[in-house]
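Engineer: Here is a sequence together with a model predicted from it:
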Amino acid sequence: MSQQPTPPPYQSGPPAYQPGPPPHGAPDYGPPPPQGSYQGPWPSQLPSGSFPGMPAVGIGRPLTIMLAVWFLIASSVAPLAGIPAIVDWMGTYMHTALMQSTTRANRASAVAFASQFTAIMTPVLWISALIGVAVTVLLALGIRAGMNWVRILLTVFAGLSLLGYVVNFAIATALPTARTFPLPAFVYVLGFLSAALYIAAAVLTWLRPSSQYIAARRAAKLGGGYLR
């Protein structure tokens, strides 16, 4: 019997396809090389009100600004203490003047008119004084916030206040009525104190520390920095 040929051992097929290098000039679509991790701060680590690369700005108020604020508040509150004395003086003056200028038969109606006039003018004086306090407090808050236009407005008001005080003093010393029925002395003292505090506050806002503070606040607002 003839021997049959032994089959050759099993051989694996051809190797799997392996892409060769791309031809010259063809783009390589392989995976991109790994990149380094982000080393910058995360958004939660950034200070509030700022952006990366923008340092936070903290601006402290100088003593001149704080003194100006308190001087303004004091200048608006001081005249309130003199209103009761002014009302009392006004009633006394009206009563005396009307009694001297009318006949005996008309004195009763003159007294009633003086009482009505005083009753009407008393709330007018208080309302005017409270409006003045509100305006001055708003100016004080504007100065505290470093607003330059408030400083300019305050300076204008201080000049008008000084002019009005000089005119009132001249009238009080020139008119015979003012010499016959003078206001209580402490009313003049309160008026002088209020005007002096108001003018001093305006001067304090123009000193170097105040000007630097106002300029820094303006620069911080324009730059978007953090303001406290």
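Structural biologist: On my side now, so go ahead.
Engineer: okay, now the spatially closest residue to Pro79 that is not a sequence neighbour: neighbour count?
Structural biologist: Leaving aside its chain neighbours, Pro79 sits nearest to Ser194 (5.3 Å; criterion: C-beta to C-beta, 6 or more residues apart in numbering). All C-beta spots, glycine's among them, are computed from the backbone N, C-alpha and C. By other C-beta atoms under 10 Å, the residues close to Ser194 number 23.
Engineer: could I have the helix or strand harbouring Ser194 exported to CSV, CA atoms only?
Structural biologist: Assigned by DSSP states H and E, Ser194 belongs to helix 185-204. The C-alpha trace of helix 185-204 is given here as CSV (Å, rounded to 0.1, in the frame of the first residue of the first chain):
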residue,chain,number,x,y,z
ALA,A,185,-28.2,134.2,71.1
PHE,A,186,-27.8,130.4,70.8
VAL,A,187,-29.8,130.5,67.5
TYR,A,188,-27.0,132.7,66.0
VAL,A,189,-24.5,130.3,67.5
LEU,A,190,-26.2,127.3,65.9
GLY,A,191,-26.4,129.1,62.6
PHE,A,192,-22.7,129.9,62.7
LEU,A,193,-21.7,126.4,63.8
SER,A,194,-23.8,124.8,61.0
ALA,A,195,-22.3,127.1,58.3
ALA,A,196,-18.8,126.5,59.6
LEU,A,197,-19.2,122.7,59.6
TYR,A,198,-20.7,122.7,56.1
ILE,A,199,-17.8,124.8,54.7
ALA,A,200,-15.2,122.7,56.6
ALA,A,201,-16.7,119.5,55.1
ALA,A,202,-16.4,121.0,51.6
VAL,A,203,-12.8,121.9,52.2
LEU,A,204,-12.0,118.5,53.5
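Engineer: For it, which outside residues touch it?
Structural biologist: The contact list for helix 185-204, computed with C-beta atoms under 8 Å, 6 or more residues apart in numbering, reads 64-65, 67-69, 71-72, 74-76, 78-79, 81-82, 85-86, 89, 136, 143, 151, 154-155, 157-158, 161-162, 165, 168, 172, 210.
Engineer: Equivalent analysis for stretch 79-93, please.
Structural biologist: Contacts of stretch 79-93 (C-beta under 8 Å, 6+ apart): 114-115, 117-118, 121-122, 125-126, 129, 132-133, 181, 183-184, 186-187, 190-191, 194.
Engineer: Read off the pLDDT value for Gly223.
Structural biologist: Reported pLDDT at Gly223 in the predicted model: 70.
Engineer: mean confidence score for stretch 151-167?
Structural biologist: 90.
Engineer: In the helix or strand hosting Thr173, which residues are buried?
Structural biologist: Element membership for Thr173 (DSSP H and E) is helix 148-174. Neighbour counts over helix 148-174 (16 or more other C-beta atoms under 10 Å) mark 150-151, 154-155, 157-158, 161, 165 as buried.
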